[in-house]
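Colleague: Kindly return the folded structure for what I paste below:
(one chain, ligands or ions: 1)
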Amino acid sequence: MNTEQLTKIRRDLHQIPELGFKEVKTQKYLLDFIQQLPQEYVTFETWKTGVFVHVAGQNPKKTVGYRADMDGLPLTETTGLPFSSTHEGQMHACGHDFHMTIALAALEALAHQPADNHVVFLFQPAEEGPGGAEPMLASDVMKNWKPDVVFALHVAPDLPVGTVSSRPGLLFANTSELFIDLVGKGGHAAYPHHTKDMVVAASSLVTQFQQIVARRVDPLDSAVITIGKITGGTVQNIIAEQARLEGTIRTMSPQAMIEVKKEIEKVVRGMEISNDCKVSIDYGSNYYQVENDENLVRHFSQITEKLNIDYREANPAMTGEDFGYMLKEIPGFMFWLGVNSKAGLHQSQLSPDEEALDVGSKLVIQGLKDL
Ligand SMILES: CC(=O)N[C@@H](CCC[C@H](N)C(=O)O)C(=O)O
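Modeller: Numbering: from 1, shown residues only. Next comes the predicted model:
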């Protein structure tokens, strides 16, 4: 696929970001593309808003899987690009438009010239939430086309184009969403002593959670507790009866996640007593860590060398990826693809360099042939 075709696909997808399990236009775009390919070796099945595509091998000894996530984020784009999102309040701010474009380029190449082994493309919904990998893994289609090895990529804004990065073992963190609802007693702004102020209680929880990371987690381990959204109250002169915190927890081990949650629950119980209020916790979706297969990463690094792509050893990251569930069952790996963007992931000005599309597609095609 040439640069013009790659860029067109990416820009088409970039304009129609959709949230988890709502990727209806995205799925149609993928299906329209798939159906115009030569069908001799190609079979496809939809699954919720995702798509499985099987490409029969010429001399198959195994099945190699490649996963691309599909969903966008609830974020208003501010890149000012001519092909900016046409969906208000939604943006491809985590590179999933790149991920799908590269997968489509690889699919087109193999549809015309199949690899020796069977290949299955997994276009997966809802990576940003509530998580599509785990249920997709349990689907009937996956049972029929389950790969023997699987890999995926993620765009890396901080790496230059022409560079990729990965590591054997732990690459991405364990994650847990964190939703906290507080109910106290509202009242007149001038009589705080007659109320149980939930804006103050919620604000206190935010800072107390940071003390868990600083004072309860082994300094040689690590954890992150981010509160991304805080809401409460209705107007400036009414003390808030209710408040809500929305956040996420990141740890490098499942055990640390258990410990951090225990500490959060202790802090919350303390808040209930000290503020005479009711606090409920919902941990939402939880992702297993991304654990790369050592031998496959080593093989992958050799493939990058063959293509004159700069391979760098990655550090573990506190990002989450539900691809970790696939790696829990199927040997494989994830790698970072350098896209050289000043703005980072989940930022409204993220603008990856489209030159990386060619690098990524060539590498994925070779990986599907060689792994
Ligand atoms: C690569 C990336 O950005 N992944 C997301 C995964 C989100 C998981 C879940 N919805 C949560 O918020 O914990 C990330 O934020 O790391």
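Colleague: in the biggest helix by length in the chain, what counts as buried?
Modeller: Across the chain, the longest stretch assigned as helix under DSSP state H is helix 254-275. Neighbour-count burial for helix 254-275, counted by 16 or more other CB atoms under 10 Å, picks out 256, 257, 259, 260, 261, 263, 264, 267, 268, 271, 275. (C-beta placed from N, C-alpha, C; glycine too.)
Colleague: Which residue ranges make up each domain of the chain?
Modeller: Residue ranges for the domains of the chain, per automatic domain parsing: 3-171+289-370, 174-286.
Colleague: any chance of those in CSV, with distance to the ligand and mean pLDDT too?
Modeller: What follows is these, written out as CSV (distance: least, CB to the nearest ligand atom, whole Å; pLDDT from 0 to 100):
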stretch, distance to the ligand, mean pLDDT
domain 3-171+289-370, 4, 97
domain 174-286, 4, 97
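Colleague: which one of the buried residues of helix 254-275 sits closest to residue 186?
Modeller: residue 275 (13.1 Å; CB to CB).
Colleague: Name the nearest residue to that closest one, sequence neighbours excluded.
Modeller: Once flanking residues are discounted, residue 275 sits nearest to residue 201: 4.7 Å by CB to CB, 6 or more residues apart in numbering.
Colleague: Need phi/psi at residue 88.
Modeller: Per-residue torsions, residue 88: phi -60, psi 130 (degrees, to the nearest 10).
Colleague: now do residue 180
Modeller: phi -130, psi 130.
Colleague: what about the closest residue to it other than its chain neighbours, is that helix, strand or coil?
Modeller: In space, and not counting its chain neighbours, residue 180 is closest to residue 245: 4.2 Å by CB to CB, 6+ apart. Of the three states, residue 245 takes strand under DSSP: H, G, I helix; E, B strand; the rest coil.
Colleague: got a list of what residue 245 touches?
Modeller: Contact analysis of residue 245 by CB atoms under 8 Å, 6 or more residues apart in numbering lists 178, 179, 180, 182, 202, 205, 206, 227, 229, 230.
Colleague: Around the second one, how many other residues sit close by?
Modeller: Right, the one you point to is residue 179. Using other CB atoms under 10 Å, residue 179 is surrounded by 15 other residues.
Colleague: how about it, what does it touch?
Modeller: Contacts of residue 179 by CB under 8 Å, 6+ apart are 244, 245, 246, 247, 281, 282, 283, 284.
Colleague: The closest residue to it other than its chain neighbours and residue 313: what is the separation?
Modeller: The shortest distance from residue 179 to any non-neighbouring residue, by CB to CB, 6+ apart, is to residue 282 (4.2 Å). Remark: distance between residue 282 and residue 313 (CB to CB, to the nearest Å) = 37 Å.
Colleague: in this structure, which spans are helices?
Modeller: According to DSSP H, the chain carries its helices in the segments 3-14, 24-35, 96-112, 133-137, 140-145, 198-215, 254-275, 294-306, 323-329, 355-370.
Colleague: So what does residue 95 have for phi and psi?
Modeller: The phi and psi values for residue 95, taken as degrees, to the nearest 10, are phi 80, psi 10.
Colleague: Pull the number of nearby residues for the closest residue to it other than its chain neighbours.
Modeller: Spatial nearest neighbour of residue 95, chain neighbours left out: residue 155 (3.2 Å); criterion: CB to CB, 6+ apart. Look at residue 155: counted by other CB under 10 Å, it has 24 neighbours.
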